[in-house]
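Colleague: here's a sequence, model it:
(one chain, ligands or ions: 1)
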Amino acid sequence: MSTAYDADQVAKLPDERIISLTPDVWTQPFWDAAAHHRLVVPRCTACGTFRLPPSAFCWKCRAQEIEWVEHDGRGAVYSFTIVWHPLLPDVADSVPYVPAVVELPNTNACRLVGAMVDTRLSDMRIGLNVELVWRDVEGGVAVPTWRPAEGE
Ligand SMILES: [Zn+2]
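Modeller: Predicted coordinates for the structure are as follows:
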């Protein structure tokens, strides 16, 4: 029988009700692509610097113009935590879940947050190679999640 802190458990998904988007002119293209299960990363058209999350001005050259570049969704875990305690009793069935910060190669170290899926808690480590899996949620929205890449 597993206990609440059993590291042999598989990560669950956070309850869909905690997912809430407030897109703006800078982030809407990301979510539009996500809805079609495409990962895109904004890149400054003036100097080529990727900037995720998207921002009004390039942190390097201050230009505003960006282009959205497709990414294959493969990366490596930069950081993560294991959420054992639900903030609300209603979402108690969704713990433990594992939000992970994943660094995307070839993007000047852009990082994207998503929950781990198909992952045993004891297998989590910094540097774990992962691949993106889109999670469809209510309202035609898809959010990124991660699972260990083949061979991990
Ligand atoms: Zn720039």
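Colleague: could you use CA atoms for every contact and neighbour count after this?
Modeller: OK.
Colleague: around the ion, which positions in the chain sit nearby?
Modeller: 44, 47, 58, 61 (Cα under 5 Å from the ion).
Colleague: let me see the contact set for the last one.
Modeller: Pointing back at residue 61 there. With contact taken as Cα atoms under 8 Å, 6 or more residues apart in numbering, residue 61 is in contact with 46, 47.
Colleague: can you give me the strands for this structure?
Modeller: Shown for the chain, the strands assigned by DSSP state E span residues 39-44, 66-71, 74-80, 99-103, 111-116, 129-137, 141-148.
Colleague: now the residues of the chain next to the ion: which count as buried?
Modeller: When the residues of the chain next to the ion are checked for burial by 16 or more other Cα atoms under 10 Å, the buried set is 44, 58.
Colleague: tell me the one of the residues of the chain next to the ion nearest residue 107?
Modeller: Comparing those against residue 107 with Cα to Cα places residue 44 closest, at 11.2 Å.
Colleague: dump the residues of the chain next to the ion to TSV, plus pLDDT.
Modeller: Converted to TSV, these look like this (pLDDT from 0 to 100):
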residue	pLDDT
44	98
47	98
58	96
61	98
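Colleague: as a markdown table, the residues of the chain next to the ion with distance to residue 32 would be great.
Modeller: Shown next, in a markdown table, are these (distance: Cα to Cα, whole Å):
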| residue | distance to residue 32 |
| --- | --- |
| 44 | 19 |
| 47 | 25 |
| 58 | 22 |
| 61 | 27 |
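Colleague: among the residues of the chain next to the ion, which are located in helices?
Modeller: Counting by DSSP state H, the residues of the chain next to the ion place none of their members in helices.
Colleague: just for the protein, where's the confidence low?
Modeller: Residue ranges of the chain with pLDDT under 70: 1-4.
Colleague: apply 50 and report the result again.
Modeller: 1-2 (pLDDT under 50).
Colleague: verify the contact between residue 119 and residue 7 for me.
Modeller: No: between residue 119 and residue 7 no contact is recorded; they are 10.6 Å apart, counting by Cα atoms under 8 Å.
Colleague: these two: who's more crowded?
Modeller: More neighbours surround residue 119 than the other of residue 119 and residue 7, with 18 against 15 (other Cα atoms under 10 Å).
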